[in-house]
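Peer 1: need coordinates for the below:
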Amino acid sequence: MIAVNYTQFRNDMKSHLDMVTDDYESVVVTRKENRNVVIISEESYNNLLENIHVMGNKANYDWLLESRKQLEKGRVKRHDLIEAADE
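Peer 2: Now for the predicted structure:
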């Protein structure tokens, strides 16, 4: 996470935004009276929302943890994909 003040951000906005999108870096723009802003990429934002959704639903979260345990124990099966016929 990088912290810059408003003036620094404004003067070098493109490079800061490139860091956010290219390097998955979060940028905190510091402002007076602690009214700071965090800038993240759209991809990071969407991942965050998805994680909140999964973690917020106990059944989904429990299912995910169980699947992870099975994977770690090597209890996996390989399946060939079947191509769907064009309709």
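
Peer 1: tell me the domain boundaries of the protein?
Peer 2: The record assigns the chain these domain ranges, following automatic domain parsing: 2-40, 43-72.

Peer 1: least confident of these, on average?
Peer 2: Ranked by mean pLDDT, these end with domain 43-72 at the bottom, a mean of 91.

Peer 1: give the buried residues for that domain.
Peer 2: For domain 43-72, burial by neighbour count (16 or more other C-beta atoms under 10 Å) applies to no residue. Using the backbone N, CA and C atoms, a C-beta is placed for each residue, glycine as well.

Peer 1: mind checking the end-to-end distance for that domain?
Peer 2: The first residue of domain 43-72 is 28 Å away from its last residue (C-alpha to C-alpha, to the nearest Å).

Peer 1: please state the offset of that domain from the chain centre?
Peer 2: 12 Å (C-alpha atoms, centre = their mean, to the nearest Å).

Peer 1: can you check stretch 15-27 too?
Peer 2: Its chain's C-alpha centre and that of stretch 15-27 lie 13 Å apart, by C-alpha atoms, centre = their mean.

Peer 1: in the protein, which spans are helices?
Peer 2: 6-11, 13-22, 42-56, 58-72 (DSSP state H).

Peer 1: nearest to residue 81, of the domains of the chain?
Peer 2: Comparing these against residue 81 with C-beta to C-beta, the closest turns out to be domain 43-72 (19.0 Å).
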